[in-house]
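Novice: Okay, predicted coordinates and the sequence, questions at the end:
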Amino acid sequence: MTSPEDLAAVQAVLNGDLDAFESIVERWKRPLVNLAYRYCLDRSRAEDLAQEAFLRAFRHLRSWRRDAAFSTWLFALASNLYRTELKRLPPRAESLDGAVAAGGPDPETLLGVREIASAVRAAVAVLPGKYRDPIMYYYLHEQDVALSAAVLGMPEGTFKARLARGRALLRDRLRGWSGGRR
């Protein structure tokens, strides 16, 4: 369900009040940056991606059909953009020295955490798309079942079934993984 604030702001923008889009940006900036961060793990790049998503949303505001919540439309638009951009420009590598100098954990701890995260990301990446996307939205983007299903354009029951099957596939792929250590 679209909030009255979003509905009023969208209608104002469509009626020519371009400044009304600012309220949409203020309301959704943090969630879109957080969503982008889940894709790229780089705060600066996430902010750039969110800004691009807002520009695209502004240009395509008339395409929102209102049969889905505005937030669902906005998240779907942003997610599609983020996936496309990350295929075009892969994530940037981070310097371990920079992380330690900034007061982060020691390199050994950092590598262990990154190794685990990398193994999980790799296992998720090779899942068939119909299982990968529900895992990504539910766990990595921390979306609830209803919103995730709506963004992916499927019934909640289908989403739950694919989520369960995706988890089972991940368990199988990660069973016995020890990060190269025995």
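Specialist: Yes, it's here.
Novice: what stretches of the chain score poorly on pLDDT?
Specialist: Applying pLDDT under 70 to the chain flags the ranges 89-114, 116, 141, 176-182.
Novice: Go again with 80.
Specialist: Applying pLDDT under 80 to the chain flags the ranges 1, 38-42, 83, 86-126, 129, 140-143, 176-182.
Novice: can you pull out the helices in it?
Specialist: Using DSSP state H, the helices of the chain run over 4-14, 21-40, 43-59, 70-88, 96-101, 107-125, 129-135, 145-152, 156-174.
Novice: Check whether Glu52 really touches Leu81, as I assumed.
Specialist: Yes. Using C-beta atoms under 8 Å, Glu52 is in contact with Leu81, at 6.2 Å. Bear in mind the C-beta positions are built from the backbone N, C-alpha and C, glycine included.
Novice: how many neighbours does Ala68 have?
Specialist: Ala68: 15 surrounding residues under other C-beta atoms under 10 Å.
Novice: ok, it - contacts?
Specialist: The contact partners of Ala68, taken as C-beta atoms under 8 Å, 6 or more residues apart in numbering, are Ala150.
Novice: quick one, what contacts the spatially most central residue of the chain?
Specialist: Nearest to the geometric centre of the chain sits Leu35, at 3.6 Å (C-alpha atoms, centre = their mean). Counting by C-beta under 8 Å, 6+ apart, Leu35 touches Ala50, Phe75, Ala78, Ser79, Tyr82, His141.
Novice: quick one: the first one and Val33 touch, right?
Specialist: By that I understand Ala50. Yes. Assessed by C-beta under 8 Å, Ala50 is found in contact with Val33 at 4.5 Å.
Novice: Which one's more surrounded, those two?
Specialist: Set Ala50 next to Val33 and count neighbours by other C-beta under 10 Å: Ala50 wins out with 24 against 18.
Novice: The protein - how does it break down into domains?
Specialist: Listed by automatic domain parsing, the domain ranges of the chain are 4-88, 102-174.
Novice: circling back: neighbour-wise, which of Glu52 and Leu81 wins?
Specialist: Leu81 (20 against 16).
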